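**Student:** here's my sequence, what's the structure:
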Amino acid sequence: MTPKAQPQFPDSEQALVLSTLEHDQLVKAKKHFIPRRHLKGPELGILWALRIYVVFMMLVVAYEFWIAAR
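**Tutor:** Numbers count the residues shown, from 1 in each chain. All right, here's what the predicted structure looks like:
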């Protein structure tokens, strides 16, 4: 399913229209669909390395807290 194409207005008209909208109308007018990005090998590797690092650091903090509480 693809979103409906929005008509393009000159910048001056678009600014005028956006300034007259109420808050909820403005939010809906600015909202647009951003598709999910398919990551490649190096990007996935970096994200997995960050996940492993976060888990490791959580274990380090938990260990230090446990040692300090003894």
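**Student:** just the element for Arg36, please.
**Tutor:** For Arg36, there is no enclosing helix or strand under DSSP states H and E.
**Student:** count the residues that sit near it.
**Tutor:** 5 (other Cβ atoms under 10 Å). Where you see a C-beta, it was placed from the backbone N, CA and C, and this is true even at glycine.
**Student:** and for Leu21?
**Tutor:** 13.
**Student:** ok, Leu18 next?
**Tutor:** As a burial measure, Leu18 scores 13 neighbours (other Cβ under 10 Å).
**Student:** that one sits in which helix or strand?
**Tutor:** helix 11-20.
**Student:** packing partners for the following helix or strand past that helix?
**Tutor:** For helix 11-20, the following helix or strand on the C-terminal side (DSSP H and E) is helix 23-30. Helices and strands in packing contact with helix 23-30 are not found; criterion 3 or more Cβ pairs under 8 Å, 6 or more residues apart in numbering; DSSP states H and E.
**Student:** what is the mean pLDDT for the following helix or strand past helix 23-30?
**Tutor:** Once the chain leaves helix 23-30, the next helix or strand it forms, by DSSP H and E, is helix 41-69. Average pLDDT, helix 41-69: 97.
**Student:** also stretch 21-38?
**Tutor:** On average, stretch 21-38 scores 77.
**Student:** and it, how far apart are its ends?
**Tutor:** End-to-end span of stretch 21-38 (Cα to Cα, to the nearest Å): 35 Å.
**Student:** one more: stretch 34-44?
**Tutor:** Start and end residues of stretch 34-44 are separated by 20 Å (Cα to Cα).
**Student:** got a list of contacts for that stretch?
**Tutor:** With contacts defined as Cβ atoms under 8 Å, 6 or more residues apart in numbering, stretch 34-44 is touched by Leu47.
**Student:** list the buried residues for that stretch?
**Tutor:** Of all the residues in stretch 34-44, not one is buried under the rule 16 or more other Cβ atoms under 10 Å.
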